[in-house]
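**Q** dropping a prediction and its sequence here:
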Amino acid sequence: MGHVFDSDTEVTRRPDGAYGAQITDRWNGLHGMPLGSYGLAISIRALAEHMALRDPLSVSAHFLRPVEVGPAEVHTEHIRSGRRMATGQASLSQNGKERLRAIATFTDLGQFDGRTSLLGERPQLPPPEECVDPLDGVALPNISGLERVDYRMAEAPGWLRGAPGGTSVCNVYMRFREERELDPLALLYFWDAMAPVVLDMGEAPSTTVEATAHVRCRPASGWLA
């Protein structure tokens, strides 16, 4: 039996060329509804089905309406294919209303070579075994996504202790609770699977209107920092 992330992002090609999918309630966020990045992962999986290259390299998505639990359909469009990159567009709809639209460029990340420039440092975190589980003893009902993802931080964030620290930075380790190696598709979910940084600024959760993700390599095994 496969991992729940794989089964919950599964898409089926229909005779009309669109892809059918089922949005589950297992990836809900703070608003008690499925995370937008969960819908994005489904959309990109559908788009990758008929692209010559399968690894998402650059993905830009506009979140038009919240995705809901229930059936969904994804319409895909192939825009261009080259020797090293291919670009397409995906639109996820439910009940006749478009929920999100994404344009993505795909590649084969295993074929990347040449010069590499590291212009930013990784998050400054102790080793995972020296960190704390910020959700230990914390009850956050209706956020089912927390049952699927494991977190570690140097210390529990201020907002969770009732004392927001006023910073817009969140350094955290993440991984699936049920063992599964990370891949580029999972990264498109994980970027939205942490608490909004505005919480530690003393504000209510924000609404994501647009997001762009650049995937530069396939993730290593273990914790994602």
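**A** Nice, thanks for sending it over.

**Q** packing partners of the helix ranked longest in the chain?
**A** Criterion DSSP state H: the longest helix present in the chain is helix 36-48. Under the contact criterion of 3 or more Cβ pairs under 8 Å, 6 or more residues apart in numbering; DSSP states H and E, helix 36-48 touches strand 11-13, strand 19-23, strand 55-63, strand 70-81, strand 86-94, strand 97-107, helix 184-190, strand 210-214. For the C-beta atoms, the positions are set from N, CA and C on the backbone; glycine is no exception.

**Q** okay, it in CSV with CA atoms only?
**A** Extracted in CSV, the C-alpha atoms of helix 36-48 (Å, rounded to 0.1, in the frame of the first residue of the first chain):
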residue,chain,number,x,y,z
GLY,A,36,-4.0,25.5,-1.3
SER,A,37,-0.6,23.8,-1.8
TYR,A,38,-2.3,20.4,-1.6
GLY,A,39,-4.5,21.4,-4.5
LEU,A,40,-1.3,22.7,-6.3
ALA,A,41,0.4,19.4,-5.8
ILE,A,42,-2.6,17.6,-7.5
SER,A,43,-2.5,20.1,-10.3
ILE,A,44,1.2,19.7,-11.0
ARG,A,45,1.0,16.0,-10.8
ALA,A,46,-1.7,16.1,-13.5
LEU,A,47,0.3,18.5,-15.6
ALA,A,48,3.4,16.3,-15.3
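
**Q** about what we covered before: ok, which of the helices and strands packed on helix 36-48 comes nearest Glu121?
**A** Closest approach to Glu121 among the helices and strands packed on helix 36-48 is made by strand 210-214 (16.7 Å; Cβ to Cβ).

**Q** can you pull up the most central residue in this structure?
**A** By Cα atoms, centre = their mean, the chain has its centre lying nearest to Tyr189, at 1.2 Å.

**Q** ok, that one - contacts?
**A** Residues counted as contacts of Tyr189 (Cβ atoms under 8 Å, 6 or more residues apart in numbering) are 5, 27, 35, 37-38, 40-41.

**Q** about what we covered before: what average pLDDT does the longest helix of the chain get?
**A** Helix 36-48 shows a mean pLDDT of 97.

**Q** give me the distance between Leu125 and Trp27.
**A** Distance from Leu125 to Trp27, counting by Cβ to Cβ, to the nearest Å: 25 Å.

**Q** the more surrounded of those two?
**A** A count of neighbours by other Cβ atoms under 10 Å puts Trp27 above the other of Leu125 and Trp27, at 29 against 16.

**Q** got the phi and psi for that one?
**A** Main-chain torsions, Trp27, degrees, to the nearest 10: phi -130, psi 40.
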